[in-house]
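K.L.:
Here's my sequence, what's the structure:
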Amino acid sequence: MELKVANVIEDGRLAGPQVRIAMVAGQLRRYQIDTTVIYPDFDNTLFKHRLEAMGVLGIQLPIHRLTRQKKDLLLYFLCFGYELWLLTRLFRKAGFDIVHVSGGAWQYKGVIAGKLAGCKVVWHLNDTSMLGIIRMIFRGIAKWWADGLIVAGSRVRQYYVNELGVGSSKPVIEIQAPVDCSHFDPQSVVPDKRIFEIEGLKIISVGNVNPLKGLEYFLSMAALLNQEHKGELHFFIVGPHWSSQRAYLKKLEYIKAEKNLRNVSFYGSSSDVRRIHKAADIYVCSSLAEASPLSVWEAMAMEKAIVATDVGDISRFITHGENGYIVAVADPAALAYYVGKLVQDPDLRKRFGKKARLAALMNLDISNVARKHVEAYRWVAEGRGLKNRVRRTAGGY
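P.N.:
Below is the predicted model:
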């Protein structure tokens, strides 16, 4: 069954959802599913390059995202009707079977335009922390306009489907964010020199710099570890600094200066995060909220020993004391304690890393995730009433 899918996202900046879109679209060709990605024609350079590298067709349109930035927020509302018309016209003209709306519960335009164009609509939900008003708008639109829902984990399903009651009469499938374990293979990567050549153990965190990443707790953790391991450690925060998060970055820089954290570096963006992981010894996720955190899955695939907060579905794939450590949110002392255990035990780091990669291979690899997308699309295209069906295994399938 050949399907034409439009995957639309209102944010062109490269992050987890954009990486997932490009990766899955590239894989779906082998299943006779032709994907076209529709995305904004600004702030998109890295995403555009990622799509081109995967051989995925992209169409750029002047569509604006919902944001707290006053100028962009004004443009969002002023241009809403026109952008809705652009999307509807494109969907009709191209004859898409399915419109896959990525990016989360606040991406309304693709859903409405898809239905106006007569397409089946799949709405992809990937967070567990959203403003109440946005959740309520989502609830109203999803009940009547979405033909199926993809949830990026069991906690996302609880947050949107169970709590809001939107999945009782439509297909719901749980699909984790994918990692290409053949690409994220520690045996085929050379380490990043900028990190590797620094003496001592390297502790990293990867992700876009924003408050949900809880990086102030990462810094507090570093301060605690410095008291016990003076001169032995270096910490790296790897990820882009978007203009919308300038205030948060300044807060982090102030904390760094206040705590005299000279061994903490804000690395910025990386064109190949595999090399970052290869050069590192320990990976830390200090997030306050996540769904299916791609950066953690990538660290697992790269055989890193991981200490992570109990957010999203991390605890389904990292078992405390078996292949990593799980701690409570906003607890830098716990982060420091368990990172300290890994600092002192290189054999434990190696053992946790090996087991973490095995869990990624079994549950999170792109080959598994692509097959789940195929099934989700076909369920929706064929109009099967699944009545909130979700297949549950260790991989959420």
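K.L.:
With only the CA atoms kept, save stretch 365-383 in CSV.
P.N.:
The C-alpha trace of stretch 365-383 is given here as CSV (Å, rounded to 0.1, in the frame of the first residue of the first chain):
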residue,chain,number,x,y,z
ASP,A,365,16.7,1.7,17.0
ILE,A,366,15.4,3.5,13.9
SER,A,367,14.5,0.2,12.3
ASN,A,368,11.9,-0.5,15.0
VAL,A,369,10.6,3.0,15.1
ALA,A,370,10.1,3.2,11.4
ARG,A,371,8.0,0.0,11.4
LYS,A,372,5.8,1.5,14.1
HIS,A,373,5.2,4.6,11.9
VAL,A,374,4.2,2.3,9.0
GLU,A,375,1.7,0.6,11.2
ALA,A,376,0.3,3.9,12.6
TYR,A,377,-0.1,5.3,9.1
ARG,A,378,-1.8,2.3,7.8
TRP,A,379,-4.2,2.0,10.7
VAL,A,380,-5.3,5.6,10.2
ALA,A,381,-5.4,5.4,6.4
GLU,A,382,-7.6,2.3,6.5
GLY,A,383,-9.9,3.9,9.1
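K.L.:
I'd assumed residue 205 was in contact with residue 285.
P.N.:
Yes. Using C-beta atoms under 8 Å, residue 285 is in contact with residue 205, at 6.6 Å. Every C-beta, even on glycine, is put in place using the N, C-alpha and C of the backbone.
K.L.:
hey, what's in contact with both of these two?
P.N.:
Residues touching both residue 285 and residue 205 (C-beta atoms under 8 Å, 6 or more residues apart in numbering) are residue 295.
K.L.:
Can you tell me the SS state at residue 370?
P.N.:
helix (DSSP: H, G, I helix; E, B strand; the rest coil).
K.L.:
Identify the residue spatially nearest to it, adjacent ones excluded.
P.N.:
Leaving aside its sequence neighbours, residue 370 sits nearest to residue 27 (C-beta to C-beta, 6 or more residues apart in numbering; 3.8 Å).
K.L.:
what about that neighbour, neighbour count?
P.N.:
Using other C-beta atoms under 10 Å, the number of residues around residue 27 comes to 21.
K.L.:
give me every residue that touches it.
P.N.:
Residue 27 makes contact with 366-367, 369-370 under the criterion C-beta under 8 Å, 6+ apart.
K.L.:
and if you look at residue 301?
P.N.:
Residue 301 neighbours (C-beta under 8 Å, 6+ apart): 179-181, 184-185, 357, 360-361, 364.
K.L.:
7 Å instead?
P.N.:
Residue 301 is in contact with 179, 181, 184, 357, 360, counting by C-beta atoms under 7 Å, 6 or more residues apart in numbering.
K.L.:
backbone phi and psi for it, please?
P.N.:
phi -60, psi -30 (degrees, to the nearest 10).
K.L.:
which residue packs closest to it, ignoring adjacent ones?
P.N.:
Spatial nearest neighbour of residue 301, excluding adjacent residues (C-beta to C-beta, 6+ apart): residue 184 at 3.8 Å.
K.L.:
residues near the one you found, how many?
P.N.:
Neighbour number of residue 184 under other C-beta under 10 Å is 24.
K.L.:
And what about the closest residue to residue 264 other than its chain neighbours, helix, strand or coil?
P.N.:
Distance criterion C-beta to C-beta, 6+ apart; nearest residue to residue 264, sequence neighbours excluded, is residue 235 at 4.5 Å. With three-state DSSP as the basis, residue 235 sits in strand.
K.L.:
Report all helices and strands that the lengthiest strand in the chain contacts.
P.N.:
When the chain is parsed with DSSP state E, its longest strand is strand 33-40. If contacts are counted by 3 or more C-beta pairs under 7 Å, 6 or more residues apart in numbering; DSSP states H and E, strand 33-40 sits against strand 3-8, helix 16-28, strand 57-61.
K.L.:
Let me see the domain layout of this protein.
P.N.:
What the record gives for the chain is the domain set 3-178+365-381, 186-363, from automatic domain parsing.
K.L.:
that older thread, for the longest strand of the chain, which strands pair with it and how are they oriented?
P.N.:
strand 3-8 (parallel), strand 57-61 (parallel) (DSSP bridges).
K.L.:
Pick the most buried one from the ones you listed.
P.N.:
Of all these, strand 3-8 carries the top mean neighbour count, a mean of 24, counting by mean count of other C-beta atoms under 10 Å.
K.L.:
thinking again about what came up before, which of the contacts of residue 301 fall in helices?
P.N.:
Per DSSP state H, helices hold the following members of those: 357, 360.
K.L.:
Switch the contacts of residue 301 over to JSON lines; also include pLDDT and distance to residue 303.
P.N.:
Shown next, in JSON lines, are these (pLDDT from 0 to 100; distance: C-beta to C-beta, whole Å):
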{"residue": "179", "pLDDT": "97", "distance to residue 303": "12"}
{"residue": "181", "pLDDT": "97", "distance to residue 303": "11"}
{"residue": "184", "pLDDT": "98", "distance to residue 303": "9"}
{"residue": "357", "pLDDT": "98", "distance to residue 303": "5"}
{"residue": "360", "pLDDT": "98", "distance to residue 303": "9"}
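K.L.:
Widest-spaced pair of the contacts of residue 301?
P.N.:
Pairwise distances across the contacts of residue 301 peak at 10.1 Å for 179 and 357 (criterion: C-beta to C-beta).
K.L.:
ok, these two, which is more surrounded?
P.N.:
More crowded of residue 179 and residue 357, by other C-beta under 10 Å: residue 179, with 27 against 21.
K.L.:
now the more buried one, nearest residue through space, not along the chain?
P.N.:
residue 297 (4.2 Å).
K.L.:
Now list the buried members of the contacts of residue 27.
P.N.:
Neighbour-count burial (16 or more other C-beta atoms under 10 Å) is assigned, among those, to 366, 369-370.
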